[in-house]
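Engineer: Compute the structure for the input listed below.
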Amino acid sequence: MGIVSIKTISPVSMLALWRMSEPWEDLLAMLDLPATELETLMAISKAKRRQEWLACRVLLKEMRGQNTLIGYDAQRKPHLGGSATEISMSHSGEYVCVYLREGAPVGVDIQQMKPSISKGAFYFLNDAELKWADLEDNLQMHLIWSAKESVFKYAGDAAIDLKKHIVINSFSGNQNGGFEVNLQKGDLPETIQIQFDTFEDYVLTWTL
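Structural biologist: Predicted structure coming up:
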């Protein structure tokens, strides 16, 4: 199916969504991968994972109008070589998404909703969040989980703990559009605005 949307979030950022209906071989044909990237691809054993890996890069090509190599730092945070553009990527179910912003960190996450997420709520909800979160509200649970994943990617630090360092401010599952997250990284806390969208049985969150 390909591109679902490419939308401008701000004058310096854009967010795009791709629905994966093509086999990985068709996606590969849409790119001109150098030998090193092709070697990385072929080291991926599962066809689904190859499809996700390639779909992100095809979508990035559509967003930027050219093939662009994605590198990773020591924390496994992706970056675009030789560019001030920051990137974040996510995949779930049939979709991948790519978020780009000039000169500032970004984080994006997509989740296909499942009925059993509340069983693992104590893995990602801290005591403060448990006071207001509704474990029976499946949408709210997925938004919390997805927002924490987005902020984790934004932070770019593998030592960040989802419960200890990322705290969601109270919101309701039917709240329109967004909510706030507090990130404790180093000595100074940071308040991050999260925007979200829902479609089909998916939630999509991204940092502003």
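
Engineer: how close does residue 102 sit to residue 9?
Structural biologist: The gap separating residue 102 from residue 9 is 11 Å, by CB to CB, to the nearest Å. Yep, even glycine has a C-beta here, placed from its N, CA and C like the rest.

Engineer: same thing with residue 193?
Structural biologist: 11 Å.

Engineer: Need the residues touching each of those two.
Structural biologist: Residues touching both residue 193 and residue 9 (CB atoms under 8 Å, 6 or more residues apart in numbering) are residue 208.

Engineer: what about these two, which has more around it?
Structural biologist: Remark: of residue 193 and residue 9, residue 9 carries more neighbours, 16 against 11, as counted by other CB atoms under 10 Å.

Engineer: which residues sit in contact with the more buried one?
Structural biologist: Residues in contact with residue 9, defined by CB under 8 Å, 6+ apart, are 15, 99, 101, 195, 206, 208.

Engineer: The last one reaches residue 195, doesn't it?
Structural biologist: Yes - in this structure, residue 208 is within contact of residue 195 by CB atoms under 8 Å, at 5.6 Å.

Engineer: higher neighbour count, the two?
Structural biologist: Taking neighbours as other CB under 10 Å, residue 208 and residue 195 compare with residue 195 leading, 17 against 13.

Engineer: Next one: residue 68, what pLDDT does it get?
Structural biologist: pLDDT for residue 68: 86.
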